[in-house]
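>>> Structure for the following, please:
(chains A, B and C)
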Amino acid sequence: MIKYIIRRLLYLIPLFFGILILVFAASRMAGDPVQLMTGLNPHITAEAKQQLREYYGLDKPLYYQFLVYVWKLFNVDLGNAYAIRGGLPVTTLIGQYIWETFKLQLAGLFLSLTISIPIGIISAKKQYSKLDVSVTTTSLLGTCIPVFYMGIIAIIVFSYYLGWLPPFGAHSLFPERYPFGNYMLDELWHMALPTAVLTFALLAPVVLLVRSSMLEVLRQDYILAARASGLSERTVIYKHALRNALIPVVTYIGLYFGGVLAGAPITETVFNWPGVGRLFVEATRRLDFPVIMGITVMITMMTLFANLITDLTYAYIDPRIRLE
Amino acid sequence: MSKELLKIENLKTYFDTWAGVVKAVDGISLEVEEGETLGLVGESGSGKTVTALSVLRIVPRPGKIVDGRILYRGENLLEKKENEMQKIRGKEIAYIFQDPATSLNPVFSIASQLIEVIRRHQNVGKQEAIEKAIELLRLVEIPDPKIRIRDYPHQLSGGMKQRMAVARALSCQPSLLLADEPTTNLDVTIQAQILGLMKNLKKKLGMSMVLITHDMGIVADMADRITVLYAGRVCESASTITIFYSPMHPYTEALLTAVPHLAIKREKLAVIPGTIPNLIEPPSGCRFHPRCKYARATCSEIVPPLEEIEPEHYVACLRAKEIAIRSPLES
Amino acid sequence: MDRKSSMGSKSPGQIVKKRSKGVSQWSIAWRRFKKNKAALGGLFIIGVVVFMAAFDSLIAPFPPNDISGFYKGEARVPPSWDHLFGTDNLGRDVFSQVVYGAKAALYVGFGAAAIVMSIAILVGLVSGYYGGRIDNVLMRTTEIFLVMPFLLILLVFLRVIIVLAPSGVGGLSMVTLMIGAFSWSANARIIRGEVLRVKEYEYIEAERSLGASGRRILFRHLLPNVLHIIIVLTTLQIATAILVEAAVSFLGFGDPNTITWGQQLQNAQEAVKEAWWEGIFPGLFITLLVLGFSLLGNGLRDALDPRLRE
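Numbers count the residues shown, from 1 in each chain, chains lettered A, B, ... in the order given. You can find the predicted model right below:
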């Protein structure tokens, strides 16, 4: 088992560097970082620019710059922003925004998983029933509606038409506006709409996957064999079938986690949510590469970590992986 | 003769698919007496497996038992509640599947799959169940049972898996074992071992058995009586000796002619012409008539009833008495 | 074999095949497809959008980007007979803009799917067929693309390219190219898996032992055998690409010189309170078109590959 974990870790390292190189290449393709940095300052001299170049090590060869970046990365130094937020260190910036992103995306992911897995199972169990048909239709529709469109509709209906929930932001500006004067309630009140939209968007594909995986497993001989042994329907479904049906679902969630985090720019733009997603959009507009790379590296690392967790869960569920 | 254990009367199991209703089993009747082995033979698609699954009432969707009676020790299983059936499955009537590679759940250990069944039907503690499970593995002649019991299915060979499946089926000493092509997916040498084992165990435990197979060689060796199925109906039913030496149904004759080692003297191995009929719109009258060399016009019009032509010899053929089939064994 | 052929959803397919010997797989699939109402509905939606794109200037009551309404004080007026879907902040007729947006959606959908599938087919076939070191290298590369934060990298590349080529080289084509270049990985993996399965077929083994060239086996035997999967994946990829383009435009990283539904939504977002119609209608069309391709894709899968039914 330990061997397996080490092998998976070793396997993730080249993946990480591959992605790093891709983003680094994009950042250097865009042209002279000093130009981007100083573009708004008409008074800057060529001399000063050269000094900046030397200061940032941009006169060195590319591979050297890359190695320096990696070295700094190991020392949790992502550099300073070029263009936005007054050149704050990127780690500080991310630190300021990441919590809001986590709060929203993880709440959405968690809620959608806890809802979608049972729905998928029940839908598969009652294949072609009215319930199943409405579940699959809703889910299919859910995979087709862009999340930002869903967000806009939700804002129109729940914020403007019904006036129940705030349309954007993570907090009320003034403490007087807190519901019952409570800060926590205010946070939850602001989270409700974005979380609900995100949950619904994430729910749909998982429901369809759990359902089809479950249907596939229910068709297997070992399920028939379990029934033939007189096991209760509950044991057959929730022990024998579910354990097998979860294998592809777990694999999917590992990859999905990355997609969910990377989708942050969209949800955060719709709901004007102060997280790294919106920070990323802002940084990309201004081509602020330290920020862009910082956020990408962070999200990549978290995706890979999620993948590792997936691999471990996978091995736990499937003895064929564990004991090969 | 001895008492009958299982009696199926006019069983009909249909599959309602998008292409139409597949009449997989369409009026099958048969009997199994206590202590005997019944061979259930026929080509693929003849309804052997669906019949056996119907007995346990575990026909997968969209299959449905639409008519008939299944009497086990005189009680109609089709009238039982689901929780009553669960007490019969695995305890009274056990099932062995064709492919041991797919009939064991890949994510649970052998121990857990055996203990689960033992504890479901017998009121024993976990420790006792483990001991019973080890005893079972010894019974099916798995070496080092105490070590092997911790294995997962993918760690066992095909033969070992099937022994394990046999162990699970026998875990609660059932009175009736439904064995669905238990050796088809195994190597020839392993086949012989498993069949030998099943024969021994059957004697040791005094079970009855329904052996489903398309292999005439295996039924000749194992079965006391044989029921021949074709396209969801019974063609012929009699003792093994009668079936082999004086068959009366043209389909039985065709089956026997197609057995390799019975046809040694021939230049070529005979094949039955034509293919299994479409079970959505089966042929009218006798379902075998499009492929039967003795067929007459009436065969496509009248459904032949299953009649006791001689004592203990049932045949469903309009011309059974006229055509005087000679067994290929005697040629 | 007995059980498998006599029950479950698998058997009817086999029986139908047996009965209609000589009829090609494709015509059987077509017969199955015709019975699928949802898939036909999908085809209908796609047909409507294609019609809109083909005759856009005839259907749209106003010319593209016509802001004359603005000067008549008709900015953000609600839906009426004159303006079926209302007007936007610049007085443009939302319905006309939606009609002109159809072309862009289809262009990106088909274009990106073509790029995605070309790369995915090549990688999948080569990787699956040759195996060994080639497979290893290709699959590791595929994994990089699979694990990377897709949307983030796409946005960066789009932005960089716009900065590099300020005169708008390609515009929408560039967006299409970028979407295609970054979303092939999952499909490549699926095709590879399918190739690995087909490769084990005995006749391909036989062909190889008879000394057929790799290229012949690849294109004469493997490709036709994975064609049905490719058709299904292509259809679903069109849907995905349309969604991605909409998202990119919504965030303001699309081609500013093309009318797209995503862009309309971006414009609408600043005034959802005052002018709900500005966003509702373009979004509805994105959803409908994506739904159309999804339904078609699912229908094709059911028809072409009964193994994958459900």
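>>> Now B:L78. Nearest residue, chain neighbours left out?
B:I70 (5.6 Å; Cβ to Cβ, 6 or more residues apart in numbering or on different chains). C-beta here means a position set from N, CA and C on the backbone, and glycine is covered the same way.
>>> which residues does the one you found contact?
Contacts of B:I70 were listed using Cβ atoms under 8 Å, 6 or more residues apart in numbering or on different chains, and they are B:L6, B:K7, B:I8, B:E9, B:L11, B:S54, B:V55, B:N76, B:L77, B:L78.
>>> Just the buried subset of those, written out for PyMOL, thanks.
Buried residues within these, by 16 or more other Cβ atoms under 10 Å in any protein chain shown, are selected in PyMOL with:
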select buried, chain B and resi 6+7+8+11+54+55+77+78
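>>> And the strands in the stretch 201-331 of chain B, which stretches?
B:208-213, B:225-230, B:233-239, B:307-310, B:313-315 (DSSP state E, counting those that start in this stretch).
>>> and chain C, which of the ones you listed is closest to it?
strand B:208-213 (7.5 Å; Cβ to the nearest Cβ).
>>> Could you list the paired strands of that closest one along with their orientation?
Strand B:208-213 has its sheet partners listed here by DSSP bridges as strand B:37-41 (parallel), strand B:176-180 (parallel).
>>> Just the CA trace of the first one, in CSV.
This points to strand B:37-41. Only the C-alpha atoms of strand B:37-41 are listed here, as CSV (Å, rounded to 0.1, in the frame of the first residue of the first chain):
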residue,chain,number,x,y,z
THR,B,37,-30.1,-34.9,-11.0
LEU,B,38,-32.1,-33.4,-13.9
GLY,B,39,-30.2,-32.4,-17.0
LEU,B,40,-31.7,-29.4,-18.7
VAL,B,41,-30.4,-29.3,-22.2
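>>> Tell me the buried residues in the lowest-mean-pLDDT helix or strand in chain B?
Sorting the helices and strands of chain B by mean pLDDT, DSSP states H and E puts helix B:320-323 at the bottom, at a mean of 79. With burial defined by 16+ other Cβ under 10 Å, the residues of helix B:320-323 counted as buried are B:A320, B:I323.
>>> helix or strand for the residue lying farthest from the centre of chain B, which one?
Distance from the C-alpha centroid of chain B peaks at B:Q127, with 34.6 Å (Cα atoms, centre = their mean). Here B:Q127 sits within helix B:126-139, counting by DSSP states H and E.
>>> next SSE after that helix?
Downstream of helix B:126-139 (by DSSP H and E), the next one is helix B:145-148.
>>> low-scoring stretches of chain A, by residue?
A:30-31, A:36-42, A:83, A:175-178, A:180-181, A:324 (pLDDT under 70).
>>> Angles on the backbone of the one residue sitting closest to the centre of it, please.
By Cα atoms, centre = their mean, chain A has its centre lying nearest to A:L261, at 1.5 Å. For A:L261, the backbone dihedrals (degrees, to the nearest 10) come out as phi -70, psi -40.
>>> Count the residues that sit near the closest residue to it other than its chain neighbours.
Excluding its sequence neighbours, the residue lying closest to A:L261 (Cβ to Cβ, 6+ apart) is A:I299, at 4.9 Å. When neighbours are defined as other Cβ atoms under 10 Å in any protein chain shown, A:I299 has 25 of them.
>>> so B:L11 touches B:K64, yeah?
No - using Cβ atoms under 8 Å, B:L11 is not in contact with B:K64, being 11.8 Å away.
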